[in-house]
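K.L.:
need a structure here:
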Amino acid sequence: MLLLLGFLVGWSPIVMAARPLKMNIVFIIADDLGNVVNQSDPRHPVKTPNLAKFAQSAMTFNRAYCQIPLCNPSRASIFTGLRPDQTGVFDLSRHFREQIHNVETLPELFRDNGWTTGRIGKIYHNDVPNGIGTDGLDDHLSWDMVFNPKGRDVEEEASITNPTADRPVSSALSWLKAAGGDGEQTDGMIATKAVEWINEHKNEPFFLGVGFFRPHTPYVAPASYFDLYPLDQVHLPASPEDDRDDIPVAAFAHNNATANYGLDEMTRKKALQAYYSSVSFVDAQIGRVIEGLNSSGVGNRTVVVVCSDHGYHLGEHNGIWQKRTLFEESARTSLMIRVPGATGNGAVCNKVVEFIDLYPTIAELGNLASSLNLPGRSLMPLLEIPSIDWQGVAVTQILRPADDRFDKPVMGRSVRTDRWRYTQWNEGRDGEELYDHEKDPHEINNLANAPESKPMIESLKSKFIGRANGLTPSTPFDPTRL
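P.N.:
Below you'll find the model as predicted:
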């Protein structure tokens, strides 16, 4: 079923000789981290010293895009290497194996070829906070062993501040300035276990998935991290008052139909402070894992991936929070990769890449390949030479449920090139968007209705064609589960 690639994967013999045949993989994913760690965006000056240090020895992909900005379907896409149209997963309750049966996940590929695989925390989908400490929608074929830590953040849920009582803390702008130290929180326990696991398995090839639950709401972090962000230094992103006037109704997520959830400015600043604090807390835990890996003696033969599952809104476009949109903030996300011996380590790559590219990249680094016809392409050429001609295109999609706005589900699809973003809702019947990132990086001016934009729109539409080739779901999609 599987094909060992050997030297036929496109590496030069010199580069191949410099790398072990069975490198370890540490795949770190943070929930709802978004792209806020991109220090080139002055709207969100978040303190992430450990990620900044890691970036010195890894490649930072500055234009990495998820396939769907929602936890469960994004993770299903990442670890199967398939687009959501192929997995048939668009919601938070559906397991990808319900939809598509003949699939081999990325960790399963390594497990089948002799690597010991482990999961600590959230890799596939878990509800937050109710799913913490459980398997959630885990995939048992992916792992030899799993660990589900559960810290005091779950036990202290009653102390969480939730200014929107009609919304559960899992989807509200809710927060807790927690007592105690890092190690008492779930994510602190995950970092501790990850370092222990690496040392226990350092004498064998391994694939370790480390999944942090923060900064997903409720935004929980020890008090010391809140102290990094005095409220008088927290500033909400500004948008023109008429920013929404030229945007289709479908562009706004059904769970954020009211701008800013109706919250006043100070409450929003407190929520933003708490989010930043959670990011800095997770940054510290990621730093502990990487430092532990380096201290174990196997860092020089271990590939390290650090990413979020999708982008994240923090009040842009006059009051969008969280995810489920096709704007840049929701589609673009964090991605860093460190490959032992790669010439691009320490560089920033500004080429457009997609998260479905991760599967073929990591597989290639293990000298493996799936038997499936995966739609992504390996990032190895960029990891060696980040400035090469790439011609990257990213497609992101989201499905709107039927509600008081739409009598049936509405699919949105967006294509991102180096300069442009084009988005269509219900194949354009419920609206279109076109943004020129060269002149409008925050997507304020929708050019879709301008007559002179029609040739560009037709050109960008053509980039959707064929981008979902391959497997199709074996189970029909059930929109009532959205």
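K.L.:
check His254 and give its pLDDT.
P.N.:
Listed pLDDT for His254 reads 87.
K.L.:
how about the one 10 residues further on?
P.N.:
At Asp264 the predicted local distance difference test score is 97.
K.L.:
tell me how many other residues surround it.
P.N.:
If you count neighbours by other CB atoms under 10 Å, Asp264 ends up with 9. Bear in mind the C-beta positions are built from the backbone N, C-alpha and C, glycine included.
K.L.:
distance of it from Val26?
P.N.:
42 Å (CB to CB, to the nearest Å).
K.L.:
go on, Asp232?
P.N.:
Distance from Asp232 to Val26, counting by CB to CB: 39 Å.
K.L.:
which one of those two has more residues nearby?
P.N.:
Between Asp232 and Val26, Val26 has the larger neighbour count (other CB under 10 Å), namely 24 against 7.
K.L.:
export only the CA atoms of the helix or strand that one falls within, formatted as PDB.
P.N.:
Assigned by DSSP states H and E, Val26 belongs to strand 24-31. C-alpha atoms of strand 24-31 as PDB (Å, rounded to 0.1, in the frame of the first residue of the first chain):
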ATOM      1  CA  ASN A  24      11.700  11.900  14.500                       C
ATOM      2  CA  ILE A  25       8.600  14.100  14.100                       C
ATOM      3  CA  VAL A  26       7.300  16.500  16.800                       C
ATOM      4  CA  PHE A  27       4.100  18.100  15.500                       C
ATOM      5  CA  ILE A  28       2.900  20.900  17.800                       C
ATOM      6  CA  ILE A  29      -0.500  22.500  17.200                       C
ATOM      7  CA  ALA A  30      -2.100  25.300  19.300                       C
ATOM      8  CA  ASP A  31      -5.900  25.800  19.300                       C
END
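K.L.:
partners of that strand, with directions?
P.N.:
Strand 24-31 has its sheet partners listed here by DSSP bridges as strand 206-215 (parallel), strand 302-308 (parallel).
K.L.:
show me what counts as buried in that strand.
P.N.:
24-31 (16 or more other CB atoms under 10 Å).
K.L.:
and what of stretch 339-352?
P.N.:
Result for stretch 339-352 [16+ other CB under 10 Å]: buried residues 339-342, 344-345, 347, 349, 351-352.
K.L.:
and the pLDDT at the closest residue to Asp153 other than its chain neighbours?
P.N.:
Excluding the flanking residues, the one nearest Asp153 by CB to CB, 6 or more residues apart in numbering is Val220, at 4.5 Å. According to the prediction, Val220 has pLDDT 98.
K.L.:
against Phe252, how distant is Val220?
P.N.:
Look at Val220 and Phe252: by CB to CB, they are 27 Å apart.
K.L.:
these two: who's more crowded?
P.N.:
Ranked by neighbour count (other CB under 10 Å), Val220 and Phe252 place Val220 first, with 33 against 21.
K.L.:
element containing that one?
P.N.:
Assigned by DSSP H and E, Val220 falls in strand 219-222.
K.L.:
okay, buried residues for whichever helix or strand comes after that strand please.
P.N.:
As assigned by DSSP H and E, the chain's next helix or strand after strand 219-222 is helix 223-226. Within helix 223-226, the residues scored as buried using 16+ other CB under 10 Å are 225-226.
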